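S.K.: Next come a sequence and a model predicted from it.
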Amino acid sequence: MKKLKIRDLTLRDGQQSQFATRMSQAQVDRVLPFYAKAGFYACEVWGGAVPDSIMRYLNENPWDRLEKINTAIGSGSKLTSLSRGRNLFGYAPYPDEVIEGFTKNTIESGLDIVRIFDALNDINNMTSTIKFVKKYGGIPDCAVCFTVDPKFTFGEKFKAFFKGKKLPNNIFNVNYFVEKSKELEKEGAEIITIKDMAGLIHPKMTGELIRELKRSVKAPIDLHTHDTPGYGLASIVMAIINGVDIVDTVLYSFAGGPAAPAFELVQIFCDKLGVETDVDLKQVELIDDELNKIRKELAEFDTTKMYPIEFDISNYKLEPEIDALFDKAIDAATNERVEELLIHTQAITKHFNFPEPNEQVKQAEIPGGMYTNMVAQFRQLKLDHLMDRALKLIPKCRLDSGCPPLVTPTSQIVGTQAVNLALDELNGKPEYTTLTNQFTNLVQGQYGKTPFPVDPNFREQICGSPEEIPYDTSAYKKQSNPVLKEFGNVKLATNYKEELLIELFPNVADGFLKKKREAEWKAANPYIPPRNIKPKVLTQEDYDNLYKGGWY
C-alpha cells in the first residue's frame, strides 16, 4: 500500500494562523498525551511566532514549551520547528556563532527536524543552518518559498516598455523551484519542502511541480500550503496523486481559512485512494475534542469564528452526495481537470463549514497576514479608502525591490512600503519619499540576493549608491546582559538559553526575563524589598485603616 507521511501543524502554524499564537502551556499540555500515541510522522511545535508571542503575551518560557512537548511526546512523532536561515527570527542576518548556538540548543531541547527557509530563496542564507543542523544530529528540511510573478496592468506594461524598463516575465515557474530544490539537496537537505505560505499554489502548478521534483531530487518532497484563497485542499489532493511524500495539515477544529487544510479531509481522500498515513484516528478524535474546547477558550483571538460541523474521523459515514464529491474530486485530479477539482474541493470545505475562499487575498496574491496587516495600518490612520490603491502598488514595490517572495519578513517590508507609496501619492509627494529602513536594506542587498536584479539607478535613488552592499556580520554587536542590582545583582540572563532569547528577541525578552528574575528574588527574599525600591512610609490614615481591619 502506498504511504503518505503527515506533518501536523496544529500546535504552531495552526494556532498562529487562527488564534494569534495564544495557546498557553496549560492548553498545550491537555492534548499532548493523545499526540504521543497519534503516530503523526512529525509535529510542528516551535518557531514562527511561538517564542516571541508566548513571552510577550503569556509570560511563558519558549524553551520550557519545547522541552515539555518533547518530554510528553517522546519518540511518538518527530518534532519540527522553523528557522529563517541566517535571519533566524529577526530581519538582520546573524553571525555563525549565534546560528550555531541557537541550532544546537533547539536540537538538544527536543527538535528532530528544522525547516530552514529564506525569504528571498537565497541559498547562501541557508547553508550555515543546514551545516549546524546536521552537525548536531538534526534533519535539515529545506524549504523553497512559493510565490507568483507580480501582475502588471496593460498601462504599466506600456509605460515600462516606453521607458525601456524590463519587467519580470515567468520567473517563478516550475524550473525555478526545481533548480532551487536541486541546489538545496547538494547543500545537504534531507527533506525538500515547497512552502506556500500564502496558499497561492494552484493545483495545476502543484501537479506539474511535484512530478518534476520527484524526477529531479532524491529527498522526500513535502507540500506546505494554506486554505486562504481556496486552493489548499485541491493542491494537496493533486500532490498526493502525483507522488508527494509528506503533506502538512492541521487538525479539524483549527483548520481551514488562513490555516492549512484539515487532516480529516485529507484522510478521507487517502482512504479512497488506498493511501496509508499510519495515523491513529481514535487519538486524533481525542485531540480534536480537546481542541474544540480550547478554540472556545480562545474566542477573542479567533480570526474566522466559523466552527466546522461535528465530525468524527475515527468513525465516519458520509452522506451519499458528499461521498460523491470526494470521488468526483479524485477523478478530476487524476485526469487533470483542475477547475473541476477546485469546484468539488471547495464544495467539500463548504459542506464541513470551513471558511470560503478569501477573494481579496486571492486577487491580490499576497499572504492573508500581510493583507490584514495592511488593513490594520489604514484603519489606524482612518484611511481605509486607500487600501485598494496600496494593493495595486504591491507589484511595483516588488519589482523595484527585486521581486522578493512575500513571506516574513519581506511580506511586511513590501506591504508597509506599498502603504507608504499610497500615502505619498495622497499627500502629493514624489514616490518613495517615505521609506522604511527595512525597505532600504532590502534594496541595498543587506538581506541577500533577490530573485530579480534591482535596477542600479533605483538603488542609488533609495540608498545613495548603485552598488549592492551585502550585510557584514563582522559588524554585529552582541546584545548586552546587564546586572540587575535591584534583584540581588543577578544578571538579566542567567544561562545560555536565556542569552539566546536576549539575542533573538531583545525587546520582548528584556521584560520577560526581568519579571522572571523579580519573581525568583521575591521567592528567595519574601520579607526584603528589592534594592533601589524605597519602602512605603505609612501615614496616620494607613494606621487607622490597619486598626479598622483588626490588625493589632
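M.R.: Received the coordinates, thanks.
S.K.: quick one, strands of the stretch 1-150 of the chain?
M.R.: Taking DSSP state E, counting those that start in this stretch to define them, one finds strands in the stretch 1-150 of the chain at 2-3, 5-8, 42-46, 78-83, 113-116, 139-145.
S.K.: Neighbouring strands - and their directions - for the shortest one?
M.R.: Strand partners for strand 2-3, identified by DSSP bridges, are recorded as strand 275-276 (parallel).
S.K.: same check, this time on the third one
M.R.: Using DSSP bridges, the strands paired with strand 42-46 are strand 5-8 (parallel), strand 78-83 (parallel).
S.K.: Give me the average confidence score over the longest one.
M.R.: What that stands for is strand 78-83. Strand 78-83 carries an average pLDDT of 96.
S.K.: List phi and psi for residue 24.
M.R.: The phi and psi values for residue 24, taken as degrees, to the nearest 10, are phi -80, psi 170.
S.K.: Residue 195 too?
M.R.: Taking degrees, to the nearest 10 as the convention, residue 195 sits at phi -100, psi 100.
S.K.: hmm, back to that, between the strands of the stretch 1-150 of the chain, which gets nearest to residue 515?
M.R.: Closest of these to residue 515 is strand 42-46, at 21.5 Å (criterion: C-beta to C-beta). To be clear about C-beta, it is placed using only N, CA and C from the backbone, and glycine gets the same treatment.
S.K.: For the closest one, what is the distance to the chain centroid?
M.R.: Counting by C-alpha atoms, centre = their mean, to the nearest Å, strand 42-46 is centred 12 Å from the centre of its parent chain.
S.K.: Using CSV, write out the CA atom coordinates for it.
M.R.: Extracted C-alpha coordinates of strand 42-46, given in CSV (Å, rounded to 0.1, in the frame of the first residue of the first chain):
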residue,chain,number,x,y,z
ALA,A,42,6.1,14.9,12.6
CYS,A,43,4.5,17.7,14.7
GLU,A,44,5.5,21.3,14.2
VAL,A,45,5.5,22.8,17.6
TRP,A,46,8.0,25.7,17.8
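S.K.: Make 45 the starting number, not 1.
M.R.: Done: numbering now begins at 45, and the last item shifts to strand 86-90.
S.K.: ok, which stretches of the stretch 395-544 of the chain are strands?
M.R.: Going by DSSP E, counting those that start in this stretch, the stretch 395-544 of the chain shows strands at 527-528, 534-535.
S.K.: no no, the stretch 245-394 of the chain
M.R.: 265-268, 290-293, 319-320.
S.K.: and these as JSON lines, adding mean pLDDT?
M.R.: Converted to JSON lines, the strands of the stretch 245-394 of the chain look like this (pLDDT from 0 to 100):
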{"stretch": "strand 265-268", "mean pLDDT": "98"}
{"stretch": "strand 290-293", "mean pLDDT": "98"}
{"stretch": "strand 319-320", "mean pLDDT": "98"}
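S.K.: Including mean neighbour count and distance to residue 210, could those strands go into CSV?
M.R.: Listed next are the strands of the stretch 245-394 of the chain as CSV, based on neighbours: other C-beta atoms under 10 Å; distance: least, C-beta to C-beta, whole Å:
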stretch, mean neighbour count, distance to residue 210
strand 265-268, 25, 32
strand 290-293, 26, 36
strand 319-320, 14, 45
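S.K.: Of those strands, which is nearest residue 62?
M.R.: The minimum distance between residue 62 and the strands of the stretch 245-394 of the chain falls on strand 290-293, with 13.7 Å, by C-beta to C-beta.
S.K.: so what does the closest one touch, helix or strand wise?
M.R.: Packing partners of strand 290-293 (3 or more C-beta pairs under 8 Å, 6 or more residues apart in numbering; DSSP states H and E): strand 49-52, strand 265-268, helix 276-285, helix 307-317.
S.K.: Strand partners (parallel or antiparallel) of it?
M.R.: When DSSP bridges is applied, strand 290-293 pairs with strand 49-52 (parallel), strand 265-268 (parallel).
S.K.: Can you add mean neighbour count and give the strands paired with strand 86-90 back as a markdown table?
M.R.: Output for the strands paired with strand 86-90, formatted as a markdown table (neighbours: other C-beta atoms under 10 Å):
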| stretch | mean neighbour count |
| --- | --- |
| strand 49-52 | 24 |
| strand 122-127 | 24 |
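S.K.: Please produce CSV containing the ones you listed, extended by distance to residue 247.
M.R.: Below are the strands paired with strand 86-90 laid out as CSV (distance: least, C-beta to C-beta, whole Å):
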stretch, distance to residue 247
strand 49-52, 19
strand 122-127, 25
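S.K.: for the ones you listed, which one sits closest to residue 160?
M.R.: Within these, the stretch nearest residue 160 is strand 122-127; the backing value is 5.0 Å (C-beta to C-beta).
S.K.: Only alpha carbons, please: show stretch 268-279 as CSV.
M.R.: Coordinates of the C-alpha atoms in stretch 268-279 are reproduced here as CSV (Å, rounded to 0.1, in the frame of the first residue of the first chain):
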residue,chain,number,x,y,z
HIS,A,268,3.0,23.1,2.8
THR,A,269,0.1,25.3,1.8
HIS,A,270,-2.8,27.2,3.3
ASP,A,271,-6.6,27.4,2.5
THR,A,272,-6.9,31.2,2.3
PRO,A,273,-7.6,31.6,-1.4
GLY,A,274,-9.4,28.3,-1.7
TYR,A,275,-6.7,26.2,-3.4
GLY,A,276,-5.3,24.3,-0.4
LEU,A,277,-7.3,21.1,-0.3
ALA,A,278,-7.3,20.7,-4.1
SER,A,279,-3.5,21.2,-4.3
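S.K.: Any stretches of the chain with poor pLDDT?
M.R.: For the chain, applying pLDDT under 70 flags the ranges 197-208, 573-596.
S.K.: For it, which helix extends over the most residues?
M.R.: Longest helix in the chain, counting residues (DSSP state H): helix 550-568.
S.K.: ok, back up a step: I'd like the helices and strands packed on strand 290-293 as a markdown table, with distance to residue 81 appended.
M.R.: Formatted as a markdown table, these follow (distance: least, C-beta to C-beta, whole Å):
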| stretch | distance to residue 81 |
| --- | --- |
| strand 49-52 | 13 |
| strand 265-268 | 23 |
| helix 276-285 | 25 |
| helix 307-317 | 15 |
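S.K.: so which of these comes closest to residue 453?
M.R.: Going by C-beta to C-beta, the one of the helices and strands packed on strand 290-293 nearest residue 453 is strand 265-268, 18.2 Å.
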